[in-house]
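**Q** Dropping a prediction and its sequence here:
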Amino acid sequence: MTELNPTSAAGTAPVASTRAGAPAALLASNLVKYYDDGANRIDVLRDVSFSVEQGEMVAIVGASGSGKSTLLHILGLLDVPTSGSVTVAGESAEGLSESKKSALRNRSLGFVYQFHHLLAEFSALDNVAMPLIVRRESRSVARDRAREVLGLVGLAARADHYPGQLSGGERQRVALARALVTRPACVLADEPTGNLDRNTAQAMFELLSRVNQESGTAFAIVTHDPVLAQRADRQLVMEGGRLVSG
Ligand SMILES: Nc1ncnc2c1ncn2[C@@H]1O[C@H](COP(=O)(O)OP(=O)(O)OP(=O)(O)O)[C@@H](O)[C@H]1O
Ligand SMILES: [Mg+2]
């Protein structure tokens with residue numbers, strides 16, 4: 001009766017119904033990044049492509065200056081590539097306005113840095129609830145969920161403490177809880193154990209592995225620690241802006 005038939009093959013074409021068919025948590029396609037001040041060009045990323053599958057834990061390793069943080073910032077939609085594209089949970093970030101990019105970031109990604117970046121004037125609970133408040137969840141829903149995630153990282157008893165009243169390892173666990181509170185497809189972590197002593201770093205990495213397994217959240221973790229990196233599902237090795245293995 002009309003040209004448009006909603007039940008045609010085209011209309012019902014591939015619906016990913018299995019985990020194997022589901023979109024990657026993160027997809028980097030031909031990422032290039034360089035800085036050019038007219039006199040000099042610094043090539044930071046040279047055609048980097050890879051994916052992080054749903055539920056996968058990937059370690060990104062490489063010498064200082066090889067481009068790991070730049071890569072993570074681009075994957076996290078905090079920086080733009082010179083060319084190439086990033087797809088987060090099946091949604092391409094290419095050409096998105098800043099507000100749409102922020103929304104995609106808030107919906108699908110979480111971040112943990114070497115230094116916790118917690119807000120000193122807010123309690124652990126309110127720091128963790130913050131991404132949900134930004135998303136306009138009600139304060140009570142945000143706090144309930146924050147309490148739940150603080151429990152997941154073993155800090156239920158510290159919910160009312162301020163960052164200044166927590167140890168370095170505890171602050172990193174609060175930062176992890178804040179990254180997880182929105183149930184992101186992928187958490188991006190840049191040296192999350194870089195500021196911790198050996199034992200605390202080990203405990204933090206064990207926590208990351210456990211959360212990865214229990215929640216199915218994918219992780220992309222930059223680390224200088226080869227022992228920790230080996231415990232990821234896969235290692236991506238950066239060398240001079242290229243991915244040389246992974
Ligand atoms: N804004 C910028 N302008 C020019 N060069 C830059 C800029 N930002 C980064 N770079 C260069 O890009 C390269 C990669 O930096 P990046 O921070 O990604 O390295 P990294 O692998 O994270 O190193 P590290 O292990 O020391 O943290 C470095 O050589 C750096 O000097
Ligand atoms: Mg770095």
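**A** Structure received. All of these numbers come straight from a predicted model, not from anything done at the bench. Ligands and ions are numbered 1, 2, ... in the order given.
**Q** What parts of this structure come near ligand 1?
**A** Tyr35, Ile42, Val44, Gly62, Ser64, Gly65, Ser66, Gly67, Lys68, Ser69, Thr70 (C-beta under 6 Å from any ligand atom). (C-beta placed from N, C-alpha, C; glycine too.)
**Q** which residues make contact with the helix ranked longest in the chain from outside it?
**A** The longest helix of the chain (DSSP state H) is helix 198-215. If you take C-beta atoms under 8 Å, 6 or more residues apart in numbering as the criterion, helix 198-215 is touched by 55, 57, 152-154, 167-169, 172-173, 176, 180, 183, 189, 192-193, 196, 217-219, 221, 225, 228, 231.
**Q** Please name the nearest non-neighbouring residue to Met238.
**A** Gly62 (3.3 Å; C-beta to C-beta, 6 or more residues apart in numbering).
**Q** show me the contacts for the one you found.
**A** Applying C-beta under 8 Å, 6+ apart, the residues near Gly62 are Lys68, Val237, Met238, Glu239.
**Q** What about it? Give its phi and psi, please.
**A** Reported as degrees, to the nearest 10, the phi and psi values for Gly62 are phi 150, psi 160.
**Q** And for Asn195?
**A** phi -110, psi 10.
**Q** So it sits against His117, correct?
**A** No - under the contact definition of C-beta atoms under 8 Å, Asn195 does not touch His117, with a separation of 11.5 Å.
**Q** circling back: which of the residues of the chain next to ligand 1 sit farthest apart?
**A** Tyr35 and Gly62 (18.5 Å; C-beta to C-beta).
**Q** hmm, back to that, looking at Asn195 and His117, which is more packed in?
**A** Asn195 (16 against 13; other C-beta atoms under 10 Å).
**Q** Once you drop chain neighbours, what's closest to the more buried one?
**A** Gln114 (5.3 Å).
**Q** where do the strands sit along this structure?
**A** Applying DSSP state E to the chain gives strands spanning 26-36, 41-52, 57-62, 83-88, 91-92, 109-112, 186-190, 218-222, 234-239, 242-245.
**Q** Could you dump those into CSV with mean pLDDT and distance to Met204 added?
**A** Shown next, in CSV, are the strands of the chain (pLDDT from 0 to 100; distance: least, C-beta to C-beta, whole Å):
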stretch, mean pLDDT, distance to Met204
strand 26-36, 97, 22
strand 41-52, 96, 20
strand 57-62, 96, 14
strand 83-88, 97, 25
strand 91-92, 96, 30
strand 109-112, 95, 9
strand 186-190, 96, 10
strand 218-222, 97, 10
strand 234-239, 96, 18
strand 242-245, 91, 25
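**Q** follow-up on the earlier one: tell me the one among the contacts of Gly62 nearest to ligand 1.
**A** Taking C-beta to the nearest ligand atom as the measure, ligand 1 lies nearest Lys68 of the contacts of Gly62, at 3.6 Å.
**Q** Make JSON lines out of the strands of the chain and add distance to Glu137.
**A** Putting these into JSON lines (distance: least, C-beta to C-beta, whole Å) gives the following:
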{"stretch": "strand 26-36", "distance to Glu137": "24"}
{"stretch": "strand 41-52", "distance to Glu137": "26"}
{"stretch": "strand 57-62", "distance to Glu137": "28"}
{"stretch": "strand 83-88", "distance to Glu137": "21"}
{"stretch": "strand 91-92", "distance to Glu137": "21"}
{"stretch": "strand 109-112", "distance to Glu137": "15"}
{"stretch": "strand 186-190", "distance to Glu137": "19"}
{"stretch": "strand 218-222", "distance to Glu137": "23"}
{"stretch": "strand 234-239", "distance to Glu137": "34"}
{"stretch": "strand 242-245", "distance to Glu137": "37"}
